[in-house]
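Novice: from the sequence below, what's the structure:
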Amino acid sequence: MDVPGLVVELRPVESTGCLELVPLRRQQDLVDQHRTTVPHIPYRAAAPDCDTVAVLEPEYSDDYTDPRLAIFYDQLNDWGPSDEFYLGRMMSATTVLDVGCGTGRLLHHAREAGHTGRLVGLDPASAMLDQAKVRTDVEWILGDLGTAEFDREFDLVIMTGHVFQVFLSDEDIAASLAAVRSALATDGTFAFETLNPLRRPWEHWTGGADVIAADGAIVTAENTNPQLVEPHIVEVTGRFSSPSWERDVLCPSKFRFVDIETLDALLRDAGFVVVERYCGWDGQPYADDSPEIVTIAARTRGA
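Specialist: Numbers count the residues shown, from 1 in each chain. So this is what the prediction gives:
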């Protein structure tokens, strides 16, 4: 039985001993229930001599704002060369703002490595910041560049983990760059990265990994169906599934891939100049076949 958007339940029919499908609620009613805990009850209903099988529609959520899923972030993203790259720059700056800090891992490491200056983490997802706040010697701010106001307070602003790519329009990027510029001290720098669209990396966004839920359940996290849905815009859906869950949880996301010419024009219009540019995390210069566009930008002199 295929009824798009409909959640159904199997219920026994006393007269036959078989199961029948009973409609419950439509999927749209569930989309905004990000914080509803998924019951960890195995779905193993079966009936003799019956061919009917219940297939529950997946739940839609967000893997940054949903507390069940946000705890998987660090499990899925091991500490690596990009973290070391940014940490080295953080240790050379007195005041640092991490935009989209997530679980705060970089800021935690900076403190552990002996950073004694001001460290600030900004993120719009409380489920991520709840994990970051295990350290109280860092300033944690719930919000984004559109809500937080800074006035030339930071030697370094970083935007890691391809956060820059969540800004989907020129207007979004311009507004974010203006806020970053306001946050930077006169001689401050802005460090960030974006994936090189010439490499079409989304075509390889498949595969998965097992992670452990808060209750110990094994959950499989995987990227599914990455596709170019608009010029320069890629959509990919994260799928989280477990034998212990009634239904899968789907998390669609969109990312913008900015070519280097457009990126530099947007930076220039926002009052930035590129002072360093790398192909990745080993300090090699950028080339057209580079996997990353790693950019260090500074305020335009006299602006």
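Novice: quick check on Glu292: phi, psi?
Specialist: phi -120, psi 160 (degrees, to the nearest 10).
Novice: and it, what does it touch?
Specialist: 193-196, 278-281 (Cβ atoms under 8 Å, 6 or more residues apart in numbering). (Each C-beta comes from the backbone N, C-alpha and C, glycine too.)
Novice: look up how far Ala70 lies from it.
Specialist: According to Cβ to Cβ, to the nearest Å, Glu292 stands 25 Å off from Ala70.
Novice: just to revisit the earlier point, inside strands: which ones of the contacts of Glu292?
Specialist: 193-195, 278 (DSSP state E).
Novice: okay if I get those residues as CSV plus neighbour count, pLDDT and distance to His109?
Specialist: CSV is the format used below for the ones in strands among the contacts of Glu292 (neighbours: other Cβ atoms under 10 Å; pLDDT from 0 to 100; distance: Cβ to Cβ, whole Å):
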residue, neighbour count, pLDDT, distance to His109
Glu193, 24, 98, 18
Thr194, 22, 98, 23
Leu195, 20, 98, 23
Tyr278, 18, 98, 21
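Novice: between which two of those residues is the distance greatest?
Specialist: Leu195 and Tyr278 (13.3 Å; Cβ to Cβ).
Novice: quick one: pLDDT of the residue nearest to Arg256 when sequence neighbours are not counted?
Specialist: Once flanking residues are discounted, Arg256 sits nearest to Leu168: 4.9 Å by Cβ to Cβ, 6 or more residues apart in numbering. pLDDT, Leu168: 98.
Novice: residues contacting Leu168?
Specialist: So Leu168 contacts 233, 254, 256 (Cβ under 8 Å, 6+ apart).
Novice: pLDDT wise, what is the second one at?
Specialist: The reference is to Lys254. Reported pLDDT for Lys254: 98.
Novice: SS state for the closest residue to it other than its chain neighbours?
Specialist: Setting aside the residues directly before and after it, Lys254 is nearest to Glu235 in space (Cβ to Cβ, 6+ apart), at 5.0 Å. Following DSSP: H, G, I helix; E, B strand; the rest coil, we place Glu235 in the strand state.
Novice: the stretch 101-250 of the chain: helices as residue ranges?
Specialist: For the stretch 101-250 of the chain, the helices defined by DSSP state H, counting those that start in this stretch occupy 105-112, 126-132, 170-183.
Novice: now the ones you listed in TSV, with distance to Glu139?
Specialist: What follows is the helices of the stretch 101-250 of the chain, written out as TSV (distance: least, Cβ to Cβ, whole Å):
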stretch	distance to Glu139
helix 105-112	9
helix 126-132	11
helix 170-183	13
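Novice: who wins for proximity to Thr160 among these?
Specialist: helix 105-112 (6.6 Å).
Novice: contact partners for the residue nearest the centre of the chain?
Specialist: Centroid check for the chain by Cα atoms, centre = their mean gives Tyr64 as the closest residue, at 6.1 Å. Contact analysis of Tyr64 by Cβ under 8 Å, 6+ apart lists 70, 73, 102, 125, 127-128.
Novice: that older thread, a markdown table for the contacts of Leu168, including distance to Glu246 and neighbour count?
Specialist: Formatted as a markdown table, the contacts of Leu168 follow (distance: Cβ to Cβ, whole Å; neighbours: other Cβ atoms under 10 Å):
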| residue | distance to Glu246 | neighbour count |
| --- | --- | --- |
| Ile233 | 32 | 15 |
| Lys254 | 27 | 13 |
| Arg256 | 34 | 21 |
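Novice: from these, which is closest to Met90?
Specialist: Distances from Met90 to the contacts of Leu168, taken by Cβ to Cβ, are shortest for Arg256, at 25.9 Å.
Novice: ok, what's across the strand from that closest one?
Specialist: Legend: beta-bridge partners of Arg256 under DSSP bridges are Ile233.
Novice: ok, now which ones touch the nearest residue to Trp205 once chain neighbours are set aside?
Specialist: Sequence neighbours aside, Pro226 is the residue nearest to Trp205 in space, at 4.2 Å (criterion: Cβ to Cβ, 6+ apart). With contact set as Cβ under 8 Å, 6+ apart, Pro226 has these partners: 202-203, 205-206, 234-236.
Novice: tell me the one of those residues nearest Glu261?
Specialist: Val234 (18.9 Å).
Novice: how about the closest one, nearest residue that isn't a chain neighbour?
Specialist: Per Cβ to Cβ, 6+ apart, closest to Val234 is Trp202, 4.4 Å.
Novice: can I see the domain layout of the chain?
Specialist: Following automatic domain parsing, the chain resolves into domains at 6-57, 59-303.
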